[in-house]
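J.: what would the 3D arrangement of this be:
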Amino acid sequence: MKQRVVLALGGNAILQPGQEGTYDNQKANIDTSSDSIAAILKDGHELVIVHGNGPQVGQILRQNELAQAEVPQQPLPVCSAESQGFIGYMMQQSLKNRLPEKNIATVLTMTEVDGQDPAFKTPTKPIGTFYSEEESLALATSKGWTMGEDAGRGYRRLVPSPKPKAIVEVDTIKTLLANDIVVISTGGGGIPVVKEEEQFRGVAAVIDKDSSALRLSIDVEADVLMILTDVPNVYINYGKSNQEKLTALSLEKAQQYYAEGHFSDGSMGPKMQACIEFASLGKTAIICALTDAVDALAGKAGTRVVG
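T.: All right, here's what the predicted structure looks like:
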């Protein structure tokens, strides 16, 4: 049965931990991801692909810093837009090579956030280069950045992570889907913007990709929200002797496990939160490994949360 699927692709699908961020490495990873995505499309489903961009934005910011004596630095929203463009290009090319008969479009996507979101008062999301304590103090003074120590590795710039309010290009995305076009959009959670007097303005922030994928899934009236990770299932008591794999979950059971603290804020927590909210609308949310995507849609793999 044909379904409209929003597929949220984790950052590891583009750049593996410890890999050098070369074009060849990233393209090879995307080619592997595209094999699974193409299989979904061959089954006749409508598809919107959302992807992460953390390593790529960090790379662009570092290039900015190293070249600032010769080339003007660009603000964070512009760097986010750059990453959407080049990741979208790689994905679009890779999928087109596998499915030449398919029309595929990358949509540069803005995500509206509330300028009064409490996140703007307490920046928590580390981005960019690692600095010494002395360097971080100088940057806080000279640029007004909020700096914070990151896992004993040094100091990094901290930016807000507000909740997504609306996907600005949603009508464009819906039009493309209605015309059987595969859409790549909302990369990195979307370029954060606020709306003031009917005018959009970019802000220095990072939006959680899975939260934006949820917002997009609701707005395009998707049947399925699928979040792809580097593990085949969600687990409770993860890493303990009583670890238990979860396959099919009712909304109530998923809410119970979430409330009991089984899913950490830094990894599975936001993914399960998005799945619970989507399932509360009477829809199906899935978390699975990239290679299991087709079987997971058929109910044969992954963890499903059903409202």
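J.: pLDDT score assigned to the residue lying closest to residue 9 once chain neighbours are set aside?
T.: Leaving aside its chain neighbours, residue 9 sits nearest to residue 51 (4.4 Å; criterion: CB to CB, 6 or more residues apart in numbering). Bear in mind the C-beta positions are built from the backbone N, C-alpha and C, glycine included. For residue 51, the pLDDT comes out at 95.
J.: residues in contact with residue 51?
T.: 8-9, 11, 13-14, 87, 91, 184, 187-188, 209 (CB atoms under 8 Å, 6 or more residues apart in numbering).
J.: can you name the residues that contact the residue most central in space within the chain?
T.: In the chain, the C-alpha closest to the average C-alpha coordinate belongs to residue 209, at a distance of 2.8 Å (CA atoms, centre = their mean). Residues counted as contacts of residue 209 (CB under 8 Å, 6+ apart) are 8, 50-53, 186, 188-189.
J.: 10 Å instead?
T.: 8-11, 50-54, 164, 186-190, 227, 270-271, 274 (CB atoms under 10 Å, 6 or more residues apart in numbering).
J.: going along the chain, name the strands of the stretch 1-150 of the chain.
T.: Ranges of strands in the stretch 1-150 of the chain, per DSSP state E, counting those that start in this stretch, are 4-9, 46-51, 103-107, 110-113, 125-131, 146-149.
J.: least reliable of those strands going by mean pLDDT?
T.: strand 125-131 (a mean of 82).
J.: how long is stretch 107-120 end to end?
T.: Across its full length, stretch 107-120 reaches 27 Å end to end, with CA to CA, to the nearest Å as the criterion.
J.: next, the buried residues of that stretch.
T.: Going by neighbour count (16 or more other CB atoms under 10 Å), the buried part of stretch 107-120 is 107, 109-113, 117, 119-120.
J.: what's the answer for stretch 141-150, then?
T.: Neighbour counts using 16+ other CB under 10 Å place 145, 147 of stretch 141-150 among the buried residues.
J.: got it, and stretch 14-31?
T.: By 16+ other CB under 10 Å, the buried positions in stretch 14-31 come out as 14-15, 26-27, 29-31.
J.: what's the most distant pair in these?
T.: Spatial extent of those (CB to CB) is set by the pair 15 and 31 at 13.1 Å.
J.: wouldn't residue 135 be in contact with residue 65 here?
T.: No: taking CB atoms under 10 Å as the contact criterion, residue 135 and residue 65 are not neighbours in contact, 11.0 Å apart.
J.: which residues do those two both contact?
T.: By CB under 10 Å, 6+ apart, residue 135 and residue 65 have these common neighbours: residue 129.
J.: who has more neighbours out of those two?
T.: Just comparing residue 135 and residue 65: by other CB atoms under 10 Å the higher neighbour count belongs to residue 135, 14 against 11.
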